[in-house]
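Visitor: Provided below for reference: sequence and predicted model.
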Amino acid sequence: MDTFERLIESHSSLLQTRVVRTVQCGDVRYPIYAASLGSSDPQVPAVGFFGGVHGLERIGTQVLLAFLQTLLERVRWDAVLQEQLSAIRLVFMPLINPIGMLRGTRSNASGVDLMRNAPVDCDQAVPFLLGGQRFSAHLPWYRGSAVMEAESQALCELVEQEFLGRPFSIALDCHSGFGLRDRIWFPYAHSRKPVPHLAELFALHMLFKRAYPNHDYVFEPQSRQYLTHGDLWDHLYLSATRCDNHPVFLPLTLELGSWRWIKKRPMQLFSKAGIFNPIASHRLQRVLRRHLVWLEFLTLAARGWQQWLPAGAARLDLQEQALAHWYGVEKT
């Protein structure tokens, strides 16, 4: 938060900043900031960068702050970036769960796992506890009550205001802690059914693969790994599909594979933070550099969305390719 506030203060002429909600820990209230740059036209495409949903996973917040700092320094002299920002809007909410990060916990101050907190139930059995539970806040992956937590409400409010009224937008939520590979997940988490915008997601996947054929990400539906109740991005995506203006809203999750850091430094297993974050300074710097290409790609893809978004027969063909690639459904 200190880093984010310094960026806000030193670049106040470039950033539009607001406090979406505040949350309390003891006698202190902590803000949940959102900062935007680029066009204020509500019809231009937008990309949202989100992090810090789980307080233990600080690396996601650090990656986004490093990217934001790069953009703010470049925009002073980079004529190409200046032109790009005249036709796109970038929104940053890099620390959604400040109390969780302060305490070094996955959950917020109420013991709620915010990624199990939305009013969405899985359409089949979920893994015990991991899929979300309402037994107790003393157990992991607690969903909370029927009323969403302030942090979840802040995220939903920002997405609804900034993204769902636009013809095209992308959201990227940064997490860590799953496997040896960095993964890019898309909804659903509550169902194994394909999403309505499967063709658009496959087009984005292929666009990145062709532009950067040597990338090391696994691009896949989250349901290929596990199912959960209460996923916030499922909730927001479903809300987008019900909008009258029929926006294309593509929520993605960057799940950083923290096991590779543990493999190189097994002693990290004895630290809560070490399970989810790179500890060695050189490894942290490598991670902060590693994802700049992916983050910038998303801004460029959004800027040129009308050049690659499929329609008509091309969309039907991509839909069939995606079904075969991700769901094992062959053409009929």
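Guide: Perfect, thanks for sending it.

Visitor: Strands of the protein, residue ranges please.
Guide: 16-25, 28-38, 46-51, 89-93, 168-176, 183-186, 218-221, 248-256 (DSSP state E).

Visitor: Quick one: closest of the ones you listed to residue 120.
Guide: Closest approach to residue 120 among the strands of the chain (Cβ to Cβ): strand 248-256, 12.8 Å. The C-beta positions use only the backbone N, C-alpha and C, and glycine is treated the same way.

Visitor: Packing partners of the closest one?
Guide: The contact analysis (3 or more Cβ pairs under 8 Å, 6 or more residues apart in numbering; DSSP states H and E) places strand 248-256 against helix 58-74, strand 168-176, strand 183-186, helix 198-211, helix 232-241.

Visitor: for the first one, which positions count as buried?
Guide: To tie it back to what came earlier, the one meant is helix 58-74. Going by neighbour count (16 or more other Cβ atoms under 10 Å), the buried part of helix 58-74 is 58-72.

Visitor: what does stretch 187-197 give?
Guide: In stretch 187-197, counting by 16+ other Cβ under 10 Å, buried: 187, 188, 189, 190, 191, 194, 195, 197.

Visitor: correct me, but the first one touches residue 234?
Guide: The one in question is residue 187. Yes - using Cβ atoms under 8 Å, residue 187 makes contact with residue 234 at a distance of 5.1 Å.

Visitor: got a list of what the one residue sitting closest to the centre of the chain touches?
Guide: Residue closest to the average C-alpha location in the chain (Cα atoms, centre = their mean): residue 173, at 1.0 Å. For residue 173, the contact set (Cβ atoms under 8 Å, 6 or more residues apart in numbering) comprises 50, 51, 53, 60, 233, 251, 252, 253, 254.

Visitor: Check residue 115 too.
Guide: Residue 115 makes contact with 53, 54, 228, 230, 231, 232 under the criterion Cβ under 8 Å, 6+ apart.

Visitor: mind putting those in a markdown table, distance to residue 307, neighbour count and pLDDT included?
Guide: A markdown table is the format used below for the contacts of residue 115 (distance: Cβ to Cβ, whole Å; neighbours: other Cβ atoms under 10 Å; pLDDT from 0 to 100):
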| residue | distance to residue 307 | neighbour count | pLDDT |
| --- | --- | --- | --- |
| 53 | 32 | 29 | 98 |
| 54 | 35 | 23 | 98 |
| 228 | 35 | 25 | 98 |
| 230 | 36 | 30 | 98 |
| 231 | 31 | 25 | 98 |
| 232 | 30 | 25 | 98 |
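
Visitor: Nearest to residue 158 among these?
Guide: When these are compared against residue 158 (criterion: Cβ to Cβ), the nearest one is residue 232, at 11.5 Å.

Visitor: what about stretch 157-177, start to end distance?
Guide: 27 Å (Cα to Cα, to the nearest Å).

Visitor: Which positions in that stretch come out as buried?
Guide: Using 16+ other Cβ under 10 Å as the test for burial, stretch 157-177 gives 158-159, 162-164, 166-177.

Visitor: ditto for stretch 250-262
Guide: 250, 251, 252, 253, 254, 255, 256, 257, 258, 260, 261, 262.

Visitor: same deal with stretch 301-317?
Guide: 301, 302, 303, 305, 309, 310, 315.

Visitor: Turn the residues you listed into TSV, including distance to residue 321 and pLDDT.
Guide: Formatted as TSV, the buried residues of stretch 301-317 follow (distance: Cβ to Cβ, whole Å; pLDDT from 0 to 100):
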residue	distance to residue 321	pLDDT
301	18	98
302	22	98
303	25	97
305	19	98
309	15	97
310	10	96
315	11	97
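
Visitor: Please narrow these to those residing in helices.
Guide: 301, 302, 303, 305, 315 (DSSP state H).

Visitor: Number of residues surrounding the closest residue to the second one other than its chain neighbours?
Guide: Beyond its immediate neighbours in the sequence, the residue positioned closest to residue 302 (Cβ to Cβ, 6 or more residues apart in numbering) is residue 45, lying 4.2 Å away. In terms of burial, residue 45 registers 23 neighbours under the definition other Cβ atoms under 10 Å.

Visitor: Contact partners for residue 45?
Guide: 87, 88, 89, 166, 167, 168, 169, 170, 302, 303, 305.

Visitor: what's near enough to touch residue 37?
Guide: Residue 37 neighbours (Cβ under 8 Å, 6+ apart): 14, 15, 16, 71, 72, 75, 85, 89, 90.
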